[in-house]
Structure formats: structure tokens, C-alpha cells
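Asks: Below is the sequence, then the predicted model.
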Amino acid sequence: MAPDSDMEAVKGAKVLMVGAGGIGCELLKTLALSGFEDIHIIDMDTIEVSNLNRQFLFRQCHVGQSKAKVARDAVLKFRPHINIKPYHANVKNPEFNIEFFKQFSVVVNGLDNLDARRHVNRLCLAAEVPLIESGTTGFLGQFVHCVVWAKDLLFAKLFGDKSQENDLNVQSSASVDASKNTEDVFERNPDEDLENYGQRIYDHVFGYNIELALSNEETWRQREKPRPIYINDVLPEKSFQKNGYLENSIDVNMAISAMPALGLKSPQDIWSLAENTKVFLEALSLFIKKRVKDIGNLMFDKDDQLAVEFVTAAANIRASSFGIPMHSLFETKGIAGNIVHAVATTNAIIAGLIVIEAIKVLQGDFNNYRMTYCLEFPKRKMLLMPIEPFEANKSCYVCSETPLILEINTRTSKLRDFVEKIVRNKLGMNLPLIMHGANLIFEDGDDIEEDVASNYARNLDKVLAELPSPVTSGTVLTVEDLQQELTCNIIIKHREEFDEEKEPDGMVLSGWTERANDNQSSNGESTSSVLTNGPYVASGKPLVSGTKRKLSEMEEASDNSCNPSSKSNSADRENPQQVDDNDVLDDLVILEVPPEVPKKKKVQLSV
Ligand SMILES: Nc1ncnc2c1ncn2[C@@H]1O[C@H](COP(=O)(O)OP(=O)(O)OP(=O)(O)O)[C@@H](O)[C@H]1O
Ligand SMILES: [Zn+2]
């Protein structure tokens, strides 16, 4: 419970929580236990088996049901008198408009993607409702997800209780071939040899399932696309059939290993994709040949060598597909061994920090807002590093009205390229409206009349210079998103040529905080162990692993730093400033600051 002095503010507050996943479950519980009595939850997802290990409000029997609704019911069991209103919906839906946001005293995010975060930030800004942002991300954080996938989904599916619900089933049942719907791809056909079986499973989970996921374009608009991996791409020579276990320990399950025969000795080495592939196939085949009686009721055990080998290989192949750095068997074993504990603990800490900030916001205690990093390796016994919120980003196009400059070939680029690459992908607009002076050249929304809509459709296929009101060098376009109540001006500068490698979009937008590539070369080796998302934020990541804050998340932080509850922001809004490249980089400097930055203060948890 919050201390008495806070109680009044807390009791009277109406809170919107967006996202009821890993952080959201913890957050809802902490809000309820801290005395909040009016909480609305938006989450668009249903519960999956892979959520159960850390989204503790959910149980096996809830798989397939709305997260928002089940989370509500679970919390009402121990706080029956409070009001919790669930919405099983996308926060970007038009019904969650500015009027909707205005009813809340504070908004708290438990989201997992930049797109939704940006959208919520803008609505909060427009509705003048404070937003508390949070996140647990990092390159190794992502690897943790690959390990969870390998262990809780794939390993469980192949060697565990077959009757259990499993997301991998869901995916394979979406097979285009309807006649195969009832077949379990993971079953070995009676006449199928082991080699074929292994390859088939491999191609299915790393190739086909990824293709299937890619076909949902909406998912990948704001995320790095994974790469399907097929066995023939990795091992064209097919020279991988080996028996790796040691003959002299034939009866000791724990000692059966795929590594020796493949020439892999040190558990500290990071295997190549080809080596991981060989380990995957070899371990699968050894399970079937040597441990057939275990199959069907195997549970992952970190002391089971073959299980760890299989999970390491599968996690690494998946990581490789998603452009995430691979890890050694030794590291993977550690992660797989205590994953539940670590991930859940971090989420609980973050949830606590969010509630602390929410209480400060409700009390108007804005001098004490903090952005708190949860450190991977506690320094001098300090796990949390609170710092003062960033200054508002002067070149933020969301709050500063700075014009943006777009270099583009107006004679070859179509309006469609501009809408997709700039307006949607870079500016993150949902229902954009594009104007050239008083001429409307494009608009998105449900209520557009047919003839107008077909006009827009024609415009999309025209190059900029040939639009009814031609867009050429010097044109200023006004781009608005009415739903987000966001407007910005874009100055067009014609440019003939672009460097295909450095400027793959064929256009360059400046005057905003560019989202840098998620450069994989800079993984856990970095000196930085700081990670956060957002302004005065509670943040962290799974404690098990190294951290490096993603640059894309930095952009998000700067976007969010314009939240109306931040003092610096209102100044920013009154005095729009010119673009200054140094300002753009300001935020990024933090990235390399080691945890001993001078601003740190001790924090006391009062929840
Ligand atoms: N646009 C959106 N509208 C509503 N809810 C959203 C939106 N985007 C994401 N979410 C929700 O935010 C939650 C994020 O939680 P979390 O990061 O734990 O992800 P997850 O999908 O549950 O698990 P994981 O990604 O780790 O497998 C999810 O429940 C997801 O449904
Ligand atoms: Zn801003």
C-alpha cells in the first residue's frame, strides 16, 4: 500500500494501462495492491502458452482468451471491490481517441513495440495526460526470448507432453494445404528416416514458420524482418550425419552428447550457424535413437547435456534468423536454467518503479521525476540507477514544430513511396492526411467517399512531380494525423541520386532523430550496461544477461520526452527551435555513459 499521504491521490486516480503482457501483469497487480481503484486496460492479444512462464496472472486454461479480460478477473479475485475495465483491442483503434485519453489522470505503458508506444505518446501529448513509459529490451534480452522459444515451445513440443497446447501447433495448422491441417508436422512418419525427419523439422520451424510470420505484413512494418533459414542454405553438402554420444557412457542419459563427434569441445565457444545446425540435427537424432523412452514426458533440465545442446542450437538458429547475436552453450545453459526467475523479477521491479513514478505524477511532485535504469550488474550494491529526466529534444517533430527536410527524387519517387517510407514508417502516423497548400493530396480513414478514395489511389501511383498539384523542390507538404492530433511540415528538396547502400530508401529525411540501424556488432561487449526506454521511466531488462540499449529505443525516448507532464516540454512547445544536429545527437551520447554517471542518486523503494 502507498503511504497515507499518497492514498488520496491514488484512490481518486483513473489509470489507463496499455499492454497486459510481461510488465503489464506485474503492473496491474502492483497498481491494485498500491491502492489504485479505477484501472482501464487495453491489450489486443490473446494468451499464448509461451506467456505463462512470466505473465503470472494467466494459467494454462486461459490460453486463447483475451489478456485484458483474464488479467482483470485474476486481480479482482484479490481486490474484488475495485473497478477494472478491460478492452480487448488495439490501442491504435479510432475509438481510443483524444476524448478517451482525456478521462485519465495518468497513462502507464507495458508495451513491446515502438509503434504503439509512439502512438500512445502522441495521444497523451494531445490529451495532456502524463505518460509513464517503461521497457525491458536489449540484444541479450532478445536472445532470452529465443531461449524461451527453444525450450518452452520447441523442446516441449518435440520431447514433452504432446497433449499440451502449443503455439507451434497453431502456426502449423495455418498451413495453406487444408488437407494437412489435422496432421501434426512434428510427428515422425513411420517410414521416415531420421535424417529426413530432422531436416523436415528444421525447415518447418526455421524456414516455413518464419515465412508464415512474414506474411503478416502489419507485424513487420516497424520491426526488423526475420530471415527464413532452410537446411540446404546452411549445409548444402549434407555431411552432417554423425553419432556424437560417447560409447562408454551409453546408459547414462546425462552424458549423451552431440558435441564430441562434431569436434565441438568448449562450452564457452559460440558455434557458427552451420555448427548449430549440425548440433540441432544430431541432438534430435540422438534423442530418438538413444532416449526414445524419455520422449513424451521430457521436461527441460539444465543438467541434461543433450537437452541443453538442443536448446542452445535451436535458440541460436532462431537468433540468427532474427539478426540477434548467438551465444555459447555455457551462457545459454545459464539463461535456460533460471529464466523464469530472472525475467519475472525484472518485470516486477519495473512495475514497482512505474507505480512510484505514477504516484509522484498524481501528487504533482515533478521535481522528483526520475528515469530509472535497472542495471544488469549492480554497481556498489546498487541495482537501480535513477537519473533526472532528459531535457525535451529540441528537434523533436512531435512537440517542437520544427520543419523536416526531405531529400527525394521528385521525378521518380511515387506518392506511395513517400506515404509508406516516410509518413508511416518514419513518422509513425496511423491515419495520415497530406496537404500541399490548400490541396489535399492524400488521406487515410474509414469515412472517405468512394470517388475521393479512388482519386487518392490514383495519386499514390503518380510520381511526386506529376501530382495534380505537383510536388517539386521547395514544396512544403503538411502532414497530419488527426487521430494523434499531430501536424508537421516537410520541406521537399529534389535530389537526383541516392547511394543504394547508405540510403536504401531512396530518400533522406532530416530534422528528426534518426532511428539508427540495430547494429548487431555492438552486442553485450559494450561498456554500457544501461538500458531504458522513455522519459522519467522505470525500466530494465532481464537480469540474466548483458545489455545494450537499442538505438531505436533511444529515438523513442526522445519522442517521449515531450510528454506534457514534463516541465521542460512546455517550454519547448512555446519556443519552437530550429533544427540543430547536435541536439539530435544529445540523447545518443547517454548510450556510452557508464553506470557511474554523476547524476545518480540512491533510490528507496517505498512500494
Ligand atoms: N497496439 C497495441 N494495442 C494493444 N496492445 C498492444 C499493442 N501492441 C502491443 N500490445 C500488447 O503489449 C503486450 C506486451 O507484452 P510483452 O512484451 O510481454 O509481449 P508478449 O507478446 O506478451 O510476449 P513476448 O513478446 O515476450 O512473447 C502484449 O500483451 C501485446 O498484446
Ligand atoms: Zn517532443
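Replies: Cool, the structure landed. Predicted, not measured: the structure shown is a model, and the values here were computed from it. Numbers count the residues shown, from 1 in each chain. Ligands and ions are numbered 1, 2, ... in the order given.

Asks: Just give me the neighbour total for the nearest residue to E485 once chain neighbours are set aside.
Replies: Leaving out its chain neighbours, the residue that sits closest to E485 by C-beta to C-beta, 6 or more residues apart in numbering is A126, at 3.5 Å. All C-beta spots, glycine's among them, are computed from the backbone N, C-alpha and C. Applying the criterion other C-beta atoms under 10 Å, we find 20 residues in the vicinity of A126.

Asks: Just the element for A126, please.
Replies: helix 114-127 (DSSP states H and E).

Asks: I492 looks like it's in a strand, true?
Replies: Yes. If the criterion is DSSP: H, G, I helix; E, B strand; the rest coil, then I492 is within a strand.

Asks: For it, which non-adjacent residue is closest in space?
Replies: For I492, ignoring the flanking residues on the chain, the nearest one in space by C-beta to C-beta, 6+ apart is T475 at 4.4 Å.

Asks: Check Y202 too.
Replies: Counting by C-beta to C-beta, 6+ apart, I231 is the residue found nearest to Y202 once chain neighbours are left out, at 5.0 Å.

Asks: Pull the contacting residues for that neighbour.
Replies: Contacts were defined as C-beta atoms under 8 Å, 6 or more residues apart in numbering; by that measure I231 touches Q199, Y202, D203, G207, T277.

Asks: before we move on, back to that, the residue nearest to E485 contacts I98, correct?
Replies: Yes. If you go by C-beta atoms under 8 Å, A126 and I98 touch, sitting 5.0 Å apart.

Asks: list residues touching both of these two?
Replies: Common neighbours of A126 and I98 (criterion: C-beta under 8 Å, 6+ apart): E485.

Asks: Adding distance to ligand 2 and pLDDT, write the contacts of I231 out as a markdown table.
Replies: Output for the contacts of I231, formatted as a markdown table (distance: C-beta to the ion, whole Å; pLDDT from 0 to 100):
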| residue | distance to ligand 2 | pLDDT |
| --- | --- | --- |
| Q199 | 51 | 94 |
| Y202 | 46 | 96 |
| D203 | 46 | 96 |
| G207 | 42 | 95 |
| T277 | 46 | 96 |
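
Asks: ranges for the strands of the stretch 51-200 of the chain?
Replies: For the stretch 51-200 of the chain, applying DSSP state E, counting those that start in this stretch gives strands covering 83-87, 106-109, 131-132, 134-135.

Asks: Which of the residues in the longest one are classified as buried?
Replies: Of the residues in strand 83-87, those scored as buried under the neighbour-count criterion (16 or more other C-beta atoms under 10 Å) are I84, P86, Y87.

Asks: residue ranges with poor pLDDT in the protein?
Replies: Flagging of the chain using pLDDT under 70 yields the residue ranges 1-6, 136-141, 163-183, 222, 237-254, 339-343, 376-378, 394-395, 400-402, 512-607.

Asks: per-domain residue ranges of it.
Replies: Each structural domain of the chain that the record assigns through automatic domain parsing is listed here as a residue range: 1-129, 139-336, 404-510.

Asks: right, so those domains: which one is the most enclosed?
Replies: Comparing the domains of the chain on average neighbours per residue, with mean count of other C-beta atoms under 10 Å, the densest one is domain 1-129 at a mean of 20.

Asks: How about that one and ligand 1, any contact?
Replies: Yes. Counting by C-beta under 6 Å from any ligand atom, ligand 1 has neighbours in domain 1-129: 19-22, 24, 42-45, 50-51, 67, 90-92, 111-113, 116.

Asks: so what's the backbone phi/psi at the residue of the chain found nearest ligand 1?
Replies: Distance from ligand 1 to each residue of the chain (C-beta to the nearest ligand atom) is smallest for G21, at 1.9 Å. Listed backbone geometry of G21 is phi -100, psi -130, with angles given as degrees, to the nearest 10.

Asks: ok, and what's touching stretch 454-465?
Replies: Counting contacts by C-beta under 8 Å, 6+ apart, the residues outside stretch 454-465 that touch it are 408, 410-416, 418-419, 441-443, 448, 467-468, 470-472, 492.

Asks: before we move on, back to that, wait, the residue of the chain closest to ligand 1 sits on D43?
Replies: Yes. The pair G21 and D43 passes the contact test of C-beta under 8 Å, sitting 7.3 Å apart.

Asks: that older thread, which ones among the contacts of stretch 454-465 lie within helices?
Replies: Judged by DSSP state H, helices contain the following of those: L415, R416.

Asks: could you pick out which of the contacts of stretch 454-465 are near ligand 1?
Replies: Residues shared between the contacts of stretch 454-465 and the neighbourhood of ligand 1: none [C-beta under 6 Å from any ligand atom].

Asks: In terms of helices and strands, where is I23?
Replies: With DSSP H and E as the criterion, the answer for I23 is helix 22-33.

Asks: by contact count, what packs against that helix?
Replies: Packed against helix 22-33, as judged by 3 or more C-beta pairs under 8 Å, 6 or more residues apart in numbering; DSSP states H and E, are the following elements: strand 15-18, strand 38-42, helix 67-78, helix 329-362.

Asks: Contacts for it next, please.
Replies: Contacts with helix 22-33, where a contact means C-beta under 8 Å, 6+ apart, come from 1, 15, 17, 20, 39, 41, 43, 51, 54-58, 67, 71, 75, 78-79, 82, 84, 108, 110, 112, 134-136, 343-344, 347-348, 350-352, 354-355, 358, 607.

Asks: can you check stretch 419-437 too?
Replies: For stretch 419-437, the external contacting residues (C-beta under 8 Å, 6+ apart) are 92, 94, 114-115, 118-119, 221-222, 397, 406, 440-445, 460, 467, 469, 471, 475-484, 486, 488, 490, 505, 507, 509, 512, 515.

Asks: Show me the beta-bridge partners of P386.
Replies: Beta bridges link P386 to T372 when assigned by DSSP bridges.

Asks: thinking again about what came up before, quick check, the helix holding A126 touching ligand 2?
Replies: No. No part of helix 114-127 sits near ligand 2 under the criterion C-beta under 5 Å from the ion; the closest distance found is 7.5 Å.

Asks: can you state the direction angle for that helix and strand 38-42?
Replies: 140 degrees (axes from the mean of the first three to the mean of the last three C-alpha atoms, to 10 degrees).

Asks: what about helix 114-127, distance to the chain center?
Replies: Relative to its chain's centre, helix 114-127 lies at 16 Å (C-alpha atoms, centre = their mean, to the nearest Å).

Asks: That one - contacts with which helices or strands?
Replies: Helix 114-127 makes packing contacts with helix 98-102, strand 106-109, strand 131-132, helix 551-560 when contacts are defined by 3+ C-beta pairs under 8 Å, 6+ apart.

Asks: for the third one, packing partners?
Replies: Using 3+ C-beta pairs under 8 Å, 6+ apart as the contact test, the elements touching strand 131-132 are strand 106-109, helix 114-127, helix 329-362.

Asks: Dump those into CSV; add distance to E211 as well.
Replies: As requested, the helices and strands packed on strand 131-132 are arranged in CSV below (distance: least, C-beta to C-beta, whole Å):
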stretch, distance to E211
strand 106-109, 31
helix 114-127, 22
helix 329-362, 26
